[in-house]
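A.B. asks: The amino acid sequence is not available; the structure is as follows:
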C-alpha cells in the first residue's frame, strides 16, 4: 500500500500492489484523491482499499501488507489481524512496538508479534 503525490495537479494516488520476487509492484487497486482532502479522508480511503482487496481475493489467498511507518497504527493492525492478512511494517529506530502482552522491542530490529 503506497501513497504517491502529484504536486503539479494537486492529486495523490493510493495504490495497493502485488510485489513480485523481483521487487516490482503491479497495481491491483488504486484510488485517486485530491491532496487537500487527504488530511480528513486518509484513514477512510486506506480502509476502503483494504476492504476492496479483501472482497476481490480468491478464497484461501493470503496477503502480507508491506508498508512504511505511516501505516503503523492500531486500527490498521486490527484490520490486518483478520484471517488471511499479515503485515510487515517499517518503523523509525526509536519507536517502541508492543503486543497484547506488552512485550516490546525497539523498531529497527526484526520482531514477531504473532
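C.D. replies: Nice, thanks for sending it over. The shown structure was predicted, so the numbers you read here are calculated from the model rather than taken from an experiment.

A.B. asks: wait, is residue 30 part of a strand?
C.D. replies: Yes: judged by DSSP: H, G, I helix; E, B strand; the rest coil, residue 30 forms part of a strand.

A.B. asks: Neighbours of residue 40, how many?
C.D. replies: Using other C-beta atoms under 10 Å, residue 40 has 8 other residues around it. Using the backbone N, CA and C atoms, a C-beta is placed for each residue, glycine as well.

A.B. asks: where does it fall, helix, sheet strand or coil?
C.D. replies: Residue 40 is classified as helix under three-state DSSP.

A.B. asks: what's near enough to touch it?
C.D. replies: With contacts defined as C-beta atoms under 8 Å, 6 or more residues apart in numbering, residue 40 has no neighbours.

A.B. asks: What of the one 4 residues further on?
C.D. replies: Contacts here follow C-beta under 8 Å, 6+ apart; on that basis residue 44 touches nothing.

A.B. asks: Verify the stated contact: residue 27 with residue 14.
C.D. replies: No: shown here, residue 27 and residue 14 do not form a contact pair, counting by C-beta atoms under 8 Å, at 10.2 Å.

A.B. asks: between these two, who's got more neighbours?
C.D. replies: Neighbour count, other C-beta under 10 Å: between residue 27 and residue 14, residue 14 has more, with 19 against 11.

A.B. asks: Just the element for the more buried one, please.
C.D. replies: Secondary structure from DSSP states H and E places residue 14 in strand 11-19.

A.B. asks: Report the strands that pair with that strand, each with its relative direction.
C.D. replies: strand 2-6 (antiparallel), strand 25-34 (antiparallel) (DSSP bridges).
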